[in-house]
Structure formats: C-alpha cells, structure tokens
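*Asks:* Give me the fold of what follows.
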Amino acid sequence: MNYKTPLAAMLLVSTSGLAMAQSSVTMYGLVDATLGRFKGAATGVNALDQSVTRLDGGGLSTSHLGFRGTEDLGGGLNAIFDLSAFIRNDTGEVGRSDAIGPPVNVGADPFFSRSSWVGLASRDWGTLRVGNITTLLFLNSITSNAFADSTVFGPLNLVTHIGGPQAGGTAWTNQATYDSPSLSGVRFSVARSLPEGQGGGNTGARLSYDQGPLAASFAWQSVKKTPLTFADGTTPNHVKTWMLGGSYDFSAVKLFAHVGRIQNNGTDAAPQDVGYRVMEVSAAMPVGTGRFLAGYAVRKTSDTPTPVPGTAAGGNVKRAVLTLGYDHYLSKRTDLYAVVMNDRTETRTLPAPPSIVKASGTSFGFGIRHRF
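*Replies:* Sure, this is the predicted structure:
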C-alpha cells in the first residue's frame, strides 16, 4: 500500500494535467481577385510600359491560406504556431513570385513564405517567436494606413516596400522576434534574422501606442542579409530604414500619416550613399455599408542613384502614388471594391550620360475579397 498510494496519486495528477490542457488548430485564409487595366508593374511605372488588362489574384490584400494553433500550458503561458502560404488564385500557383534571374538572382517563394513560426506567449511576459516572421517595418506599415496590406494599390506599401531601395523583404527567415505585453497601450518589439552565411543578418525594432482613437508607432530596421529566395527580399544592398506613423479616428473619418527615411548603402563590393525621404497621408471614411479610401505617398531623393536600363522599374529618383477607392461590405467576411491609382516616377536611366526620364500611368481595378 505504501508503494501503490504515491503511484496512484502521480497518475491522477498527470491525467488531470492532460485534461486541463486546451489546444486548438484553426484553418484560415483570404481570397482576393481583381479585374482591371494596369499600366506598369507594382515596382513602378517606366516610360516604356503599356496598359494591359489583367485578372490578378490580390488587389486590396494578397491571397493566402494558413493554419494557426495554440495550446494552453497553464499559468497564462501558451504554445503557439502559424504556417501560412501566399496563393496566386488567378493561376493556382503558390507564392508571390517565381525565381528572379540577373541581376537579382533569388529563388521563388517557398511554400510557407508568408509565415512559418513557433513560439511561446505569456500574458505577463510577452511573446517569443522563431522562424519565418513578418518584419516589424512591414507590420508598422500595414497596420496604420487606409489601404492596410495592399501591395497593388496601397501608396505607402508601394513606395516603401515594393521594389526600389527598400526591397529587403516583408518577412525574414531564420528570425527570432520578441513582442512585449501591453502597458497602458504601449508595446515594443525587437527582431533579429540570423545571417547563416548570407551576409551580416537583419535587425529590427518597433515601439507603438494604441489607446482609444489615437495610435502612433515607430519602426526601424537594418538589412544586411543577401537574399536566397524572394521571401527574404530582392536586394543584396545594405539598407537602413525608419518610419514614424500615426492615426486618429474621428468616427466620421480616420486619418493616417507617415514620415520616414530609407538609406541605401549598397554592398561592400559596390558601396552607395543614397538617402530617400518617404511621406504619406491617407484616410478612411465610412460611407453606407462600406468605406471611401484615399491615399497619397511619395519617395524621393536629392542624391544620385545608380542609373538603370530604360526597361527597369521606374522611380529610383522619385515615385509618387495617388489612390482613390470604395470598399463595399456585403458581410463581415466578403466585400466588393473599386480602385483607381495614378503612379508617377522619375528615373535616372542609361545610356550615358544618364538622364532623368519621367513616366506616368493610371490603373484601375474592380475586385472581390473573401475571408475565412
């Protein structure tokens, strides 16, 4: 009896612990399709571009499919994970891009290039995640502008993250990220992407405040990692970027504004010293069962960027994007939208002597978006 009683007690404790543990896995995603007429690529219109009618998988959001899960470990601690893939629903392909040849030379998006991480979350101590994780700078952009995560029509995302000098990826592989708990609306995050033989690695940080109608945030990152796949970006340049953003919700309209700087230092073999200023204003105004959206963003430099061929994406001197749209909600999960966008660029081009070439293109699209 002296041996059986402790054994029975141990079995009771272990089985009750298993019964108390709560775990769940959720399948989620978004499918967005846009039919429209576009002039120029998302990376910037050039003087040689012609208007093309296209059906694209993604207009106001990039389509994706994912799985996320959590397990309650007790004491306010949870094990968490997220696996998510980009989907090109116009063709059925996975990822945002295939392999890109010279001079970029990076591979295609891996399957779970949107996110693939595991971590621990504590209500008292914050969250630690490791894996392929959205950058803090991109998070700063998409959570505080009227067009959210749109990389097709969103002015802030187009002048900051898509092409141009800050093509350092919207997510970093081999990354560890810590997010603090909220203290009266204040949070901070730090991130480090290990180089693993790809240069100097990447570092990021973010400080945010969100309380009531007012929100403000500051993000900074340093990119020194030579990308192997599209998921890590499309430039081997050493680039430092900072962004200060804010918003205020007046109920009748929510206003957003950003200022920032992108410093392109080139590579060790081919150094540069080109700084870009970034500015953005946007607004979202409830109208009926939808929202009217408006945004303007500009990226420009007074330095001398390296000349590019006339067929390259435009805007290595200046890029300005103006977008207007209406997003109509059929339900909480399904919406229809109509958007028109004007893209203006100034580009220092080859052949020598390099000259400044201006280009302009207007694009419009009609789309449907469904979340699940």
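*Asks:* From now on I want contacts and neighbour counts done on CA atoms only, so please keep to that.
*Replies:* Noted.
*Asks:* So for the helix or strand harbouring Tyr209, what gets flagged as buried?
*Replies:* Taking DSSP states H and E as the definition, one finds Tyr209 inside strand 199-211. Going by neighbour count (16 or more other Cα atoms under 10 Å), the buried part of strand 199-211 is Gly200, Gly201, Asn202, Thr203, Gly204, Ala205, Arg206, Leu207, Ser208, Tyr209, Asp210.
*Asks:* ok, the residues you listed vs Met243, which is closest?
*Replies:* Arg206 (9.5 Å; Cα to Cα).
*Asks:* Just give me the neighbour total for Asp268.
*Replies:* 10 (other Cα atoms under 10 Å).
*Asks:* mind listing what it touches?
*Replies:* Going by Cα atoms under 8 Å, 6 or more residues apart in numbering, Asp268 touches no other residue.
*Asks:* hang on, it is in a helix, isn't it?
*Replies:* No: with DSSP: H, G, I helix; E, B strand; the rest coil as the criterion, Asp268 is coil rather than part of a helix.
*Asks:* Which phi and psi values does it adopt?
*Replies:* Reported as degrees, to the nearest 10, the phi and psi values for Asp268 are phi -60, psi -40.
*Asks:* how near is it to Ser282?
*Replies:* Noted for Asp268: a distance of 37 Å to Ser282, by Cα to Cα, to the nearest Å.
*Asks:* same check, this time on Phe366
*Replies:* If you go by Cα to Cα, the gap between Phe366 and Ser282 works out to 20 Å.
*Asks:* neighbour-wise, which of these two wins?
*Replies:* Ser282 (25 against 19).
*Asks:* and that one, what element?
*Replies:* strand 271-287.
*Asks:* Now do the SS call for the residue nearest to the spatial centre of the chain.
*Replies:* Nearest to the mean C-alpha position of the chain, by Cα atoms, centre = their mean, lies Phe138 at 3.9 Å. Local secondary structure at Phe138 is given as helix here, using three-state DSSP.
*Asks:* same deal with the one 10 residues further on?
*Replies:* With three-state DSSP as the basis, Ala148 sits in coil.
*Asks:* so who does it touch?
*Replies:* By Cα under 8 Å, 6+ apart, the contact list for Ala148 reads Leu60, Ser141, Ile142, Gly154.
*Asks:* what pLDDT does the nearest residue to Gly40 once chain neighbours are set aside get?
*Replies:* Nearest residue to Gly40, sequence neighbours excluded (Cα to Cα, 6 or more residues apart in numbering): Asp49, at 5.4 Å. For Asp49, the pLDDT comes out at 97.
*Asks:* wouldn't Asp49 be in contact with Phe38 here?
*Replies:* No: judged on Cα atoms under 8 Å, Asp49 makes no contact with Phe38 at a distance of 9.7 Å.
*Asks:* neighbour count winner among those two?
*Replies:* Phe38 (22 against 18).
*Asks:* isn't the more buried one right next to Ser51, touching?
*Replies:* Yes: between Phe38 and Ser51 a contact is recorded at 5.4 Å, counting by Cα under 8 Å.
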